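J.: My questions concern the predicted model and sequence given below.
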Amino acid sequence: MTKDGVSKKEIEEVLIENFVGLQKAITNLSMRFDALSQQIARLLGVFELAAKNVAESSPTEYSKEIVDRLNSLIEQNKDIATALVALEERTRRPVPTIMPPRPLYAQPGMQPRPALPRPGFPNPNPTSISQVQFGQTQPEQKKLLSKF
């Protein structure tokens, strides 16, 4: 008898039970590893077969569709890049501000005469805020934006 009140025989029985349980767990784990390795081997076989089929087959309709979509994305990317470069160049240039001419000698009750448009210069009498900001009429802006 030990000082805890448990006999050596009881301790040996518990140790044997634990050892048997451990052996069962190790055996179960070993069988599961075998099954897992077999499944991995089958999966590798599937991948090898698929790789051979892809290497041997000619481009399919599906792969042509993917290539066409990628080419379309490349073209869209080029268009977007061109637009961004144009926008960046536009923002670097100072935007002309249009100030109405001040008369040198203003008389009460006298209206300033509207300035006449000059070719190659922004409209001196803008009719919309877009003409003030960009110095272009709406049809010109639409024409520019339609390029993008």
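T.: Yep, it's here.
J.: So Gly5: helix, strand or coil?
T.: Of the three states, Gly5 takes coil according to DSSP: H, G, I helix; E, B strand; the rest coil.
J.: what about it, distance to Ser37?
T.: 48 Å (Cβ to Cβ, to the nearest Å). Just so you know, the C-beta spots here come from the backbone N, C-alpha and C atoms, and that holds for glycine as well.
J.: more crowded one of these two?
T.: Neighbour count, other Cβ atoms under 10 Å: between Gly5 and Ser37, Ser37 has more, with 10 against 7.
J.: Kindly list the main-chain dihedrals of Gly5?
T.: phi 90, psi 20 (degrees, to the nearest 10).
J.: Can you tell me how far it is from Asn18?
T.: To Asn18, Gly5 is 20 Å away according to Cβ to Cβ.
J.: any low-confidence regions in the protein?
T.: 1-3, 58-62, 93-148 (pLDDT under 70).
J.: can you pull out the strands in it?
T.: Taking DSSP state E, the chain contains no strands at all.
J.: Per the annotation, how does it divide into domains?
T.: As assigned by automatic domain parsing, the chain contains the domains 1-57, 59-93.
J.: Can you report phi and psi for Val6?
T.: phi -110, psi 130.
J.: And it, how far from Asn71?
T.: Taking Cβ to Cβ, one finds Val6 at 80 Å from Asn71.
J.: I'd like to know how many residues surround Ala86.
T.: Counted by other Cβ under 10 Å, the residues lying close to Ala86 total 13.
J.: oh, I was asking about Arg69
T.: 10.
J.: Tell me how far it lies from Asp79.
T.: Distance from Arg69 to Asp79, by Cβ to Cβ: 16 Å.
J.: ok, Leu43 to Leu87 distance?
T.: Leu43 sits 51 Å away from Leu87, going by Cβ to Cβ.
J.: likewise Glu13?
T.: Separation of Glu13 from Leu87 (Cβ to Cβ) stands at 85 Å.
J.: ok, now Val67?
T.: Distance from Val67 to Leu87, by Cβ to Cβ: 30 Å.
J.: next one: Asp68
T.: In terms of Cβ to Cβ, Asp68 sits 29 Å off from Leu87.
J.: Next: Arg69.
T.: Counting by Cβ to Cβ, the separation of Arg69 from Leu87 is 26 Å.
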